[in-house]
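> Structure here, sequence nowhere to be found:
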Ligand SMILES: [Zn+2]
């Protein structure tokens, strides 16, 4: 029996005559207590995820036709219908909301205190029952929120679809980059099979990145509640990850098909799709703290010439790029070297070549933290 069903959620109108909607694809038993959720394009200008979704739908359709779906699998192939409509100067601008300049993947609500208030007298000694209790309370709190505008309604709806999921994969990409994954620290090493199967070359861990992106809104409540209630077993019940599918221009059927297959094998191992997945490949590089990432910034205006590329290993003090200013007098003055403050792996560089002081030019994953707890650890 085919279980696939398609639902539509229409966002409240923000302008006269314009309605935008989310397409939500469900597979399996929608009342099952196990749920996996995958979305693409929350940053709507990050194209690779849409093509991965195209192939993942094919794979799940096939699994569904063969009665292989277990639990409940939800896909939102285009998670940001607001962002995908934001064209300016021949380019899609899908990261920040044109209306208020807010990053679509920041400032999700942190519901921990509200949940704690609701469950504090009802937690028990069964982890399973505590998980159910916390999910029920989270659903009630989300249900009581009335989002004030279209973008808030979008964020709210995405959380409503995923707050009770065991697995949440949020597909993104960087500018010019290696495959990399952001995860909550308490999810490691449990999530190692995800990163290994995806072929992630960098895995970045933070218990709190400081800006509550979507994945953290789903996962962080669990370890925050566990810390608040040490006498009750509260597992990290939501493995939420931001998956960075390399760079903006890394779009091909071959790669997207393999990425979709990797996600399917991961879901198979986690019991959402029947059948045996192949042995997990070895993890390419051990996970490192997000606090050890250097966001290498320009210190002068000019044109950037990169001396290093994603995948290069660099030493502290090594020159990663030069900023060229043709207006300066001497040949030495025309060059500003940009040096790494960490030893590590360059995993992303900017795609355009203009520098202004403070602009992030590259990201380098070091091993030891260089940032304080509580700092904003993500790019704007
Ligand atoms: Zn993104």
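Alright, I've got the coordinates. A quick note: this is a predicted structure, and the numbers were derived from the prediction, not measured. Numbering: from 1, shown residues only.
> Which elements pack onto the helix or strand hosting residue 304?
Taking DSSP states H and E as the criterion, residue 304 maps to strand 302-306. Using 3 or more CB pairs under 8 Å, 6 or more residues apart in numbering; DSSP states H and E, the elements in contact with strand 302-306 are strand 319-324, strand 354-355, strand 360-366. The way it works is simple: take the backbone N, C-alpha and C, and place the C-beta from them, glycine included.
> What helices and strands are in contact with the second one?
The elements that strand 354-355 packs onto, with contact taken as 3+ CB pairs under 8 Å, 6+ apart, are strand 302-306.
> 10 Å instead?
Applying 3 or more CB pairs under 10 Å, 6 or more residues apart in numbering; DSSP states H and E, one finds that strand 354-355 makes contact with strand 302-306, strand 319-324.
> How about the last one?
Packing contacts for strand 360-366, counted by 3+ CB pairs under 10 Å, 6+ apart, involve strand 176-177, strand 202-205, strand 288-289, strand 293-297, strand 302-306, strand 313-314, strand 319-324, strand 344-349.
> could you redo these as a markdown table and give each row mean pLDDT?
Putting these into a markdown table (pLDDT from 0 to 100) gives the following:
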| stretch | mean pLDDT |
| --- | --- |
| strand 176-177 | 98 |
| strand 202-205 | 98 |
| strand 288-289 | 98 |
| strand 293-297 | 97 |
| strand 302-306 | 98 |
| strand 313-314 | 98 |
| strand 319-324 | 98 |
| strand 344-349 | 98 |
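> now these in a markdown table, with distance to residue 333 and mean neighbour count?
Below are the helices and strands packed on strand 360-366 laid out as a markdown table (distance: least, CB to CB, whole Å; neighbours: other CB atoms under 10 Å):
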| stretch | distance to residue 333 | mean neighbour count |
| --- | --- | --- |
| strand 176-177 | 28 | 21 |
| strand 202-205 | 35 | 25 |
| strand 288-289 | 36 | 20 |
| strand 293-297 | 20 | 21 |
| strand 302-306 | 11 | 17 |
| strand 313-314 | 25 | 17 |
| strand 319-324 | 11 | 19 |
| strand 344-349 | 24 | 25 |
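> possible to save those strands as a markdown table with distance to the ion?
Compiled in a markdown table, those are given as follows (distance: least, CB to the ion, whole Å):
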| stretch | distance to the ion |
| --- | --- |
| strand 176-177 | 11 |
| strand 202-205 | 13 |
| strand 288-289 | 20 |
| strand 293-297 | 15 |
| strand 302-306 | 21 |
| strand 313-314 | 24 |
| strand 319-324 | 22 |
| strand 344-349 | 11 |
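> export these to a markdown table and tack on distance to residue 107?
Below are the helices and strands packed on strand 360-366 laid out as a markdown table (distance: least, CB to CB, whole Å):
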| stretch | distance to residue 107 |
| --- | --- |
| strand 176-177 | 24 |
| strand 202-205 | 20 |
| strand 288-289 | 23 |
| strand 293-297 | 19 |
| strand 302-306 | 30 |
| strand 313-314 | 33 |
| strand 319-324 | 30 |
| strand 344-349 | 22 |
